[in-house]
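Participant: would you be able to build a 3D model of this:
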Amino acid sequence: MTATKGEFFNPAKLSSRDKAEATDHTARAIIAAEATARDKKTEKLKALRLQQEAEAEPKAAPAKKRRSPAKPRP
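Facilitator: Prediction:
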């Protein structure tokens with residue numbers, strides 16, 4: 001099967017309105033995909049940060065006992 005000019009080039013001219021609609025549709029699809037990827041990345045990083053903060057949080061140390069004041073010697 002050989003490639004012909006008709007397969008690669010559309011012989012019919014597109015109107016400027018059709019070109020604008022195609023460009024708008026493509027641009028909006030790209031923007032939506034980027035926003036979705038950004039939101040996923042943000043959620044992933046937030047989960048990792050919360051996990052890291054939970055691990056780094058010092059565990060509650062037992063309270064130190066207070067000494068009673070020294071009694072004077074007789």
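Participant: going forward, measure contacts between C-alpha atoms and count neighbours the same way
Facilitator: Will do.
Participant: helices or strands up against the helix or strand where residue 26 lies?
Facilitator: According to DSSP states H and E, residue 26 maps onto helix 16-56. Packed against helix 16-56 by the contact rule (3 or more CA pairs under 8 Å, 6 or more residues apart in numbering; DSSP states H and E) you find no helix or strand.
Participant: just give me how far it sits from the chain centre.
Facilitator: Its chain's C-alpha centre and that of helix 16-56 lie 7 Å apart, by CA atoms, centre = their mean, to the nearest Å.
Participant: and for stretch 64-74?
Facilitator: Worked out by CA atoms, centre = their mean, stretch 64-74 lies 58 Å from the chain centre.
Participant: mean confidence score for that stretch?
Facilitator: For stretch 64-74, the per-residue pLDDT values average out at 74.
Participant: ditto for stretch 27-44
Facilitator: Taken as a whole, stretch 27-44 carries a mean pLDDT of 98.
Participant: need the contact partners of that stretch.
Facilitator: The set of residues external to stretch 27-44 that reach it, using CA atoms under 8 Å, 6 or more residues apart in numbering, is empty.
Participant: output it as PDB, nothing but the C-alphas.
Facilitator: In PDB, the C-alpha atoms belonging to stretch 27-44 read as follows (Å, rounded to 0.1, in the frame of the first residue of the first chain):
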ATOM      1  CA  ALA A  27      -5.800  24.200  24.300                       C
ATOM      2  CA  ARG A  28      -8.600  23.500  26.800                       C
ATOM      3  CA  ALA A  29      -7.800  19.800  26.800                       C
ATOM      4  CA  ILE A  30      -4.100  20.500  27.500                       C
ATOM      5  CA  ILE A  31      -4.900  22.900  30.300                       C
ATOM      6  CA  ALA A  32      -7.300  20.500  31.900                       C
ATOM      7  CA  ALA A  33      -4.700  17.700  31.700                       C
ATOM      8  CA  GLU A  34      -2.100  19.900  33.300                       C
ATOM      9  CA  ALA A  35      -4.500  20.900  36.100                       C
ATOM     10  CA  THR A  36      -5.300  17.300  36.800                       C
ATOM     11  CA  ALA A  37      -1.600  16.300  36.900                       C
ATOM     12  CA  ARG A  38      -0.900  19.300  39.200                       C
ATOM     13  CA  ASP A  39      -3.700  18.400  41.600                       C
ATOM     14  CA  LYS A  40      -2.500  14.700  41.700                       C
ATOM     15  CA  LYS A  41       1.000  15.900  42.500                       C
ATOM     16  CA  THR A  42      -0.200  18.300  45.200                       C
ATOM     17  CA  GLU A  43      -2.200  15.600  46.900                       C
ATOM     18  CA  LYS A  44       0.800  13.100  46.700                       C
END
